[in-house]
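Enquirer: next come a sequence and a model predicted from it.
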There are 2 protein chains.
Amino acid sequence: MDLLSGKWTMSVINALMSGVLRFGELERAVPGINTRMLARTVKELEERKIISRKPHPTVPPTVEYSLTEKGLALKPVMQALQAWAVANYHRAQAEQS
Amino acid sequence: MDLLSGKWTMSVINALMSGVLRFGELERAVPGINTRMLARTVKELEERKIISRKPHPTVPPTVEYSLTEKGLALKPVMQALQAWAVANYHRAQAEQS
C-alpha cells in the first residue's frame, strides 16, 4: 500500500498516462514539483519498474520517460481516484448550498 | 492527487474499510506503524474529513475511528490498488519462472 505514497508519485504516474514525456515536459506537467523532487520521484519509480527511461544521444542529451506495463496497469487506480475527487467536489458544493 | 500521499494514509484507510476501530486496534491493524505516525495520520485524515473520531467516556477514555462518507467512497480506489498488487505479484512470478 505504501508503494504509491510518495508526495508526487501519483501525479507523475498520472502525467505519464498521456504518453512519453521528457524530463522538462514532465516537470511542467506536474504543477508545484521542482527539479530535485522530480528527479527523486522518477528514480524511485524506475527502481520499482513502474516507469522506464530512454536516453537519446541528442545534443544536449535528452531522456524520455514512459510507463512500463506495470505502470500502465495503474490506470484503473487513477480513474477511481479521479472519480472520487469529482464526487468530493460535488459533495462539497452540495454541502455549501 | 497528493491527498493520499502520506506514507501510512492508504494503509490506515484500508484498515478502517473493515469497520470502526479503536486507536490500539488500528495500530495493530497497520504493520510497521508506530503510535506517533498513527496519531499524525489520523489527525490529517480527520482534518480532510476522510475519517471521524468518537470519544467514549470510559475509564480510561477510548476513541473510536471510522471512515466518513467521503472515506468510504475510496473503496473503489482500494479495490483497484489491491487488484493491481495481485496482478504485479503474478507478473513477477511469471517473470521468474
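Expert: Everything's here; your move. Numbers count the residues shown, from 1 in each chain, chains lettered A, B, ... in the order given.
Enquirer: any residue of the helix or strand encompassing residue A:41 up close to chain B?
Expert: Here residue A:41 sits within helix A:35-47, counting by DSSP states H and E. No - contact of helix A:35-47 with chain B (Cβ under 8 Å from any Cβ of the partner chain) is absent, the minimum separation being 10.8 Å. C-beta: built from backbone N, CA, C; applies to glycine.
Enquirer: elements contacting the helix or strand following that helix?
Expert: Helices and strands here follow DSSP H and E; after helix A:35-47, the next one along the chain is strand A:51-56. Packing partners of strand A:51-56 (3 or more Cβ pairs under 8 Å, 6 or more residues apart in numbering or on different chains; DSSP states H and E): helix A:9-16, helix A:35-47, strand A:62-67.
Enquirer: what about the shortest one, average pLDDT?
Expert: Think strand A:62-67. Average pLDDT, strand A:62-67: 96.
Enquirer: what strands line up against that strand, and which way round?
Expert: strand A:21-22 (antiparallel), strand A:51-56 (antiparallel) (DSSP bridges).
Enquirer: now residue A:45. Nearest residue, chain neighbours left out?
Expert: Leaving aside its sequence neighbours, residue A:45 sits nearest to residue A:51 (Cβ to Cβ, 6 or more residues apart in numbering or on different chains; 4.4 Å).
Enquirer: list the contacts for that neighbour?
Expert: A:12, A:13, A:16, A:42, A:45, A:65, A:66, A:67, A:68, A:71 (Cβ atoms under 8 Å, 6 or more residues apart in numbering or on different chains).
Enquirer: of those residues, which is the most crowded?
Expert: residue A:12 (27 neighbours; other Cβ atoms under 10 Å in any protein chain shown).
Enquirer: how close does that one get to residue B:6?
Expert: Look at residue A:12 and residue B:6: by Cβ to Cβ, to the nearest Å, they are 17 Å apart.
Enquirer: distance check, the residue most central in space within chain A against chain B.
Expert: By Cα atoms, centre = their mean, chain A has its centre lying nearest to residue A:12, at 1.6 Å. According to Cβ to the nearest Cβ, to the nearest Å, residue A:12 and chain B sit 9 Å apart.
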